[in-house]
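# Whatever this is, show me its structure:
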Amino acid sequence: MKNHPVTNPNGRFTYGDLCTWPEDERWELIDGEAVAMVPPPNQRHQEVVGELYRQMANFFLGKTCKVLVRPFGVLFPKAGEPDERVATMVEPDVMVICDPGKLNGKVCRGAPDLVVEVLSPSTSSQDCIRKRRVYEAAGVREYWLVDPANRVIIVLRNLDGKGFGPAIFLSPEGLAETPLFPGLQIDLGLVFPAEPSVVREDPPPAPPRRRRPAKKKG
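Residues are numbered from 1 along each chain as shown. Here you go, the predicted model:
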């Protein structure tokens, strides 16, 4: 395959190129650079994504806003740019999209209102640096970085259109709320359940060593 990141590792690609690649391959595009989405998420990652989606979907049931999860692509086109020419396409873990005009059944075209990325060792630098810049430049109104390892959510808000403000840290004991959606309350105790305590027992004492009888001299 000629126009593929494996055979052309220094190439620049578009969403049109990506659509021709094998369906069992997972890629994102950032400014034309193809970024492989490997390895697949682990169990803890998926549990966190599932719980966030469950609580959000319950809140938005019957409302205009849609809650979607990966794999579902978000395109960030330049003015008037057709889908096949777009050079940036990402798949957030969870997203809330309130403008139905951005959804065409296949992708979201333009910035979601809320984006959530669940961090893992293989994706944390991508989520915290490169994708943060993409979301900020595109006008994402709120960005949550969910860290299961440290049981914390980092919230970045862009409510005035001037970029993300100072980070807000949410602990696992409280609720995650946002001025974007009054009434939405995410129970972080369910997102970050307490780890089961491990009771360590001392090993049983070793049995006394049996002394060999002394040999008789003779």
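# can you tell me the helix or strand for Asn58?
helix 43-60 (DSSP states H and E).
# for that helix, which positions count as buried?
Within helix 43-60, the residues that count as buried by 16 or more other C-beta atoms under 10 Å are His45, Val48, Val49, Glu51, Leu52, Tyr53, Gln55, Met56, Phe59, Phe60. In short, each C-beta sits where N, CA and C put it, glycine included.
# Could you do stretch 32-43 as well?
Glu33, Ala34, Val35, Met37, Pro41.
# Centre of the chain to it, how far?
11 Å (C-alpha atoms, centre = their mean, to the nearest Å).
# how close does the closest residue to Glu25 other than its chain neighbours get to Glu84?
Using C-beta to C-beta, 6 or more residues apart in numbering and skipping residues adjacent in sequence, the residue nearest Glu25 is Ala36, 7.8 Å away. For Ala36, the distance to Glu84 (C-beta to C-beta, to the nearest Å) stands at 21 Å.
# Could you do Glu23 as well?
17 Å.
# Which one's more surrounded, the two?
Taking neighbours as other C-beta atoms under 10 Å, Glu23 and Glu84 compare with Glu84 leading, 12 against 6.
# I'd guessed the more buried one sits against Leu18; true?
No. At 9.5 Å, Glu84 does not count as touching Leu18 under the criterion of C-beta atoms under 8 Å.
# Could you pull out the strands in this structure for me?
27-30, 33-36, 66-69, 73-75, 89-90, 94-97, 107-109, 114-118, 142-147, 152-157, 168-170, 175-176, 186-187 (DSSP state E).
# okay, these, which one's buried deepest?
Most buried of the strands of the chain, by mean neighbour count (mean count of other C-beta atoms under 10 Å): strand 114-118, with a mean of 26.
# what angle do that strand and strand 152-157 make?
Relative orientation of strand 114-118 versus strand 152-157 (axes from the mean of the first three to the mean of the last three C-alpha atoms, to 10 degrees): 150 degrees.
# any idea of the angle strand 114-118 forms with strand 142-147?
Going by the same axes, to 10 degrees, strand 114-118 makes 10 degrees with strand 142-147.
# Which strands or helices does strand 114-118 pack on?
The contact analysis (3 or more C-beta pairs under 8 Å, 6 or more residues apart in numbering; DSSP states H and E) places strand 114-118 against helix 43-60, strand 94-97, strand 142-147.
# Give the full set of residues in contact with Val134.
Ile30, Phe76, Thr88, Val90 (C-beta atoms under 8 Å, 6 or more residues apart in numbering).
# Now with 10 Å, please.
Glu28, Ile30, Asp31, Val74, Phe76, Thr88, Val90, Ala111, Val115, Val140 (C-beta atoms under 10 Å, 6 or more residues apart in numbering).
# now for those residues, which pair is the farthest apart?
Asp31 and Val115 (17.7 Å; C-beta to C-beta).
# show me the contacts for Ala167.
Tyr143, Leu145, Ile154, Val155, Leu156, Arg157.
# from what I can see the third one touches Ser124, true?
In other words, Ile154. No. Counting by C-beta atoms under 10 Å, Ile154 stays clear of Ser124, with 11.1 Å between them.
# Identify the contacts common to the two.
Counting by C-beta under 10 Å, 6+ apart, the shared contacts of Ile154 and Ser124 are Glu117, Leu145, Asp147.
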